[in-house]
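Student: Any chance you could fold what I've pasted below:
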Amino acid sequence: MDFDVRPFEAADADWLVSEHATHYAQAEGFDDSFGPLVRRIVDDFLRAHDETCEAGWIAHHKGQRLGSIFCVRKDNTTAKLRLFYVVSEARGTGVAQALIDQCLGFARAAGYGGLTLWTHESHAAAGRIYMRNGLTRTHTKAVHSFGVDLVEETWQIAF
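Tutor: Next up, the predicted model:
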């Protein structure tokens, strides 16, 4: 599939929130508390991100958005990957890897010493991508979130 990756824009916000909320409700049974969490993350980014060390990207093809990823500041030395998502019809096409490459490259160029992310064990395909790119799962915890039983995961990589 032919696609490009461009910077995230405010006009992408509603799509990103809707896509995350709809997908995870259908695929994993998440309740309606997940969409507001994604909205808060997006709104916080739009309101106060530091362009020198934080960015977001959208993969797209012929006007269709295919996925998203963000790199934000966790602390002075660590970046945090957020809102990594690829629409189902673009999975297996290289979109996910292109987004990961964009995020990791930006984090390194911004001077971070490493990157961390939080996800769920049920996102096994994403876990394989993280592992393939040198991240290590460092923590797991059983929780009840978004109306379902989940296993939270923390992944990390040092640069």
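Student: how close does Glu19 get to Arg91?
Tutor: Noted for Glu19: a distance of 13 Å to Arg91, by Cβ to Cβ, to the nearest Å. C-beta here means a position set from N, CA and C on the backbone, and glycine is covered the same way.
Student: Leaving out chain neighbours, which residue sits closest to the residue nearest in space to the middle of the chain?
Tutor: By Cα atoms, centre = their mean, the mean C-alpha position of the chain lies nearest to Phe84, the distance being 2.0 Å. In space, Phe84 comes closest to Ile69 once its chain neighbours are excluded; the distance is 4.7 Å by Cβ to Cβ, 6 or more residues apart in numbering.
Student: Val148 too?
Tutor: Setting aside the residues directly before and after it, Val148 is nearest to Gly29 in space (Cβ to Cβ, 6+ apart), at 5.0 Å.
Student: count of neighbours near that neighbour?
Tutor: 12 (other Cβ atoms under 10 Å).
Student: what's the answer for Thr22, then?
Tutor: When counting by other Cβ under 10 Å, one arrives at 13 neighbours for Thr22.
Student: tell me the mean pLDDT for the host helix or strand of it?
Tutor: Secondary structure assignment for Thr22, by DSSP states H and E: helix 13-28. Confidence over helix 13-28, taken as the mean pLDDT, stands at 96.
Student: hang on, the earlier thing: who has more neighbours out of Glu19 and Arg91?
Tutor: The residue with more neighbours, out of Glu19 and Arg91, is Glu19; 19 against 13, by other Cβ under 10 Å.
Student: Quick check: the residue of the chain most remote from its centre vs Phe3, distance?
Tutor: Taking Cα atoms, centre = their mean as the measure, the residue most remote from the mean C-alpha position of the chain is Lys62, 22.0 Å away. From Lys62 over to Phe3 the distance is 9 Å, taken as Cβ to Cβ.
Student: Contacts made by the strand or helix carrying Arg65 with the rest, please.
Tutor: Assigned by DSSP H and E, Arg65 belongs to strand 64-73. When contacts are taken as Cβ atoms under 8 Å, 6 or more residues apart in numbering, the neighbours of strand 64-73 outside the stretch itself are 3, 8, 12, 15-16, 19, 41, 45, 49-50, 53-60, 79-87, 90, 95-96, 99-100, 102-103, 106-107, 110, 115.
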